[in-house]
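A.B. asks: the following block contains a protein sequence and its predicted model.
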Amino acid sequence: MAEVQKLTERKLRESDRRMTPQRQAVLKALVDLSDEHPTAEEVYQVARQYCSTVGMATVYRSLELFVQMGIINKAPTLDGTTKYELSKEPHDHFVCLKCGRTYEVNVGEKPKENEELAKEGFKVLNVSTVYFGYCSDCLSEK
Ligand SMILES: [Zn+2]
Ligand SMILES: [Zn+2]
């Protein structure tokens, strides 16, 4: 928490913004839910326990801001719902076609640079491969 907190405060300062109690609550909720790839609604449910004046609109705005600042990423999902995660080392995702859960998986090293893309003028900052299929929970449920 402390590290994310410091990073967020620094980035807010750099863009002339303040760490408000509402933003703080959203950040705490993200840290709590970090492994679960929460939706904005799920972040809201936890954030309001930290700060009673947090509204859904504030949650959306804070999440967008954190994405722009590079503190969180949007994770891939099956149906296009937006899910969030704290930015960390590049990793892959597995999306279950049945329950729709987004899992984090690690399948080998991720190259930071991609020569093909660089040739076309793209600069790669993050790489994530998405695998689709059935998770073990769903497979054992048959
Ligand atoms: Zn599943
Ligand atoms: Zn992830």
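C.D. replies: Now that the structure is in, tell me what you want to look at. Ligands and ions are numbered 1, 2, ... in the order given.
A.B. asks: contacts, neighbours, all on C-alpha from now
C.D. replies: OK.
A.B. asks: what's stretch 26-46 in contact with?
C.D. replies: Applying C-alpha atoms under 8 Å, 6 or more residues apart in numbering, the external contacts of stretch 26-46 come out as 1, 5, 47, 50, 54-56, 59-60, 62-63, 75, 81-86, 102.
A.B. asks: ok, now which ones touch E9?
C.D. replies: E9 neighbours (C-alpha under 8 Å, 6+ apart): 18-19.
A.B. asks: one step back: generate a ChimeraX selection restricted to the buried entries among the contacts of stretch 26-46.
C.D. replies: Selection of buried members from these for ChimeraX, criterion 16 or more other C-alpha atoms under 10 Å:
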select :5,47,50,54,56,59,60,62,63,75,82,83,84,85,86,102
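A.B. asks: from S140, how far off is the residue nearest the centre of the chain?
C.D. replies: For the chain, the residue nearest the mean C-alpha position is E85 (2.0 Å; C-alpha atoms, centre = their mean). Note on E85: its distance to S140, by C-alpha to C-alpha, to the nearest Å, is 27 Å.
A.B. asks: now N73
C.D. replies: From N73 to S140 the distance is 31 Å (C-alpha to C-alpha).
A.B. asks: give me the more crowded residue out of the two.
C.D. replies: N73 (21 against 8; other C-alpha atoms under 10 Å).
A.B. asks: this structure: strands as residue ranges?
C.D. replies: Using DSSP state E, the strands of the chain run over residues 72-75, 83-86, 92-96, 102-105, 130-133.
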